[in-house]
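Visitor: Everything below, folded, please.
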Amino acid sequence: MTKAEKMTIAIGAGQLLIAFLAILGFGRKLPPSGLTLQMGIVFILIAGGWVCSLYAVYSSLSRPVVPMAKTPASQKWLYTPLKEIYRRKFHNEKVQLDGFHYIDCEFGAGVTFVYDGLKQFTLTNAKPLPDYTWSFQTSNVSIQRLIQFLQQTGMIGGQLIHQPPQWPDKISN
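Guide: Numbering: from 1, shown residues only. Below you'll find the predicted structure:
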């Protein structure tokens, strides 16, 4: 449990204690009729805040932890510097995305983006030219399925070129 979660629980417990003390009339005499409507409302509000705090802590503890940045392979994927390409125009050619950062580049007719998900990539200020048409090529089945989903739902256009995965002859350890 993190320090913030412990603090949330402590604050919630303090709120509940204050609500109970207010109901019991700590420091003053209760009216002859017992609890007042105002005291009941205050208790319900404070108890509700406490329940919400506990639920927030519970939901933060039950969330799955994404191990992306904890493995050596993912550390390498995330933090390997990208090769930067500046102010270039692309027409009728394949543009490799894995490991590249395209800055102020323009993309025209017949561009095929190639991405296998082996390294990250970035496009900064990418500009489509008026004759811009594109296709997407990958050997990564997960990326193929994502592109197909985006096309079928109308989120993107373009063409997906199926490229079978390239399997190594030997698996190295």
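
Visitor: For this structure, give me the ranges with low pLDDT.
Guide: The chain contains residues with pLDDT under 70 at 1-8, 12, 15-39, 50, 57, 59-69, 158-173.

Visitor: one more time with 50, if that's ok
Guide: Applying pLDDT under 50 to the chain flags residues 167-168, 170-173.

Visitor: mind listing the strands for it?
Guide: Counting by DSSP state E, the segments of the chain that form strands are 83-86, 89-90, 94-96, 100-103, 106-107, 111-114, 122-124, 127-128, 134-138, 159-162.

Visitor: And those: which comes nearest residue 40?
Guide: strand 122-124 (57.0 Å; Cβ to Cβ). All C-beta atoms are positioned from the backbone trio N, CA, C, and that covers glycine.

Visitor: Show residues contacting that closest one.
Guide: 82, 100-105 (Cβ atoms under 8 Å, 6 or more residues apart in numbering).

Visitor: What pairs with that strand, parallel or antiparallel?
Guide: Looking at strand 122-124 with DSSP bridges, its partner strands are strand 100-103 (parallel).

Visitor: Just the buried positions in the partner strand, please.
Guide: Of the residues in strand 100-103, 100-102 count as buried by neighbour count, 16 or more other Cβ atoms under 10 Å.

Visitor: Please, where are all the helices along this structure?
Guide: 3-24, 37-62, 72-79, 141-152 (DSSP state H).

Visitor: could you give the angle of the last one to strand 134-138?
Guide: If I follow you right, that is helix 141-152. Interaxial angle, helix 141-152 versus strand 134-138 (axes from the mean of the first three to the mean of the last three Cα atoms, to 10 degrees): 150 degrees.
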